[in-house]
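*Asks:* Predicted structure and sequence below. I'll ask about it afterward.
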Amino acid sequence: MPALWIAHVTVTDAEAYGRYAALAGPAIAKHGGEFIARGGRYVQLEGRDRARNVVARFPSLEAAEACYKSPDYQKALDHARGASERDLVIVETI
């Protein structure tokens, strides 16, 4: 069953976060992920507002989790740590 990787991000260091984004995209694609929303317009209705919202679709929850835990993605994530405040969840679709 497909799954969505949903991230809500506040970037605090654009240069470092740019390095993250450059590495994260290929890591996500390598695990079958494809972006369906990436930093576009949004309306915050509830909860904490974060200026950047990203949604990627994966073939399965397991594929999305494997991506997150992969060495390639962790290498990318090293650039996001300290350069952003993030919330990330993987949700299986119906």
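*Replies:* The structure has been received and is ready for your questions.

*Asks:* Would you mind measuring from Pro26 to Phe35?
*Replies:* With the distance defined as CB to CB, to the nearest Å, Pro26 ends up 12 Å from Phe35. Every residue, glycine included, has its C-beta placed from N, CA and C.

*Asks:* These two: which has the busier surroundings?
*Replies:* Phe35 (14 against 11; other CB atoms under 10 Å).

*Asks:* quick one: pLDDT of that one?
*Replies:* As predicted, Phe35 sits at a pLDDT of 97.

*Asks:* Please apply the same query to Ser60.
*Replies:* At Ser60 the predicted local distance difference test score is 98.

*Asks:* residues contacting the closest residue to it other than its chain neighbours?
*Replies:* With CB to CB, 6 or more residues apart in numbering as the measure, Ala3 is the residue that lies nearest to Ser60, at 5.8 Å, once sequence neighbours are left out. Contacts for Ala3 (CB atoms under 8 Å, 6 or more residues apart in numbering) come out as 57-61, 63-64, 90-93.
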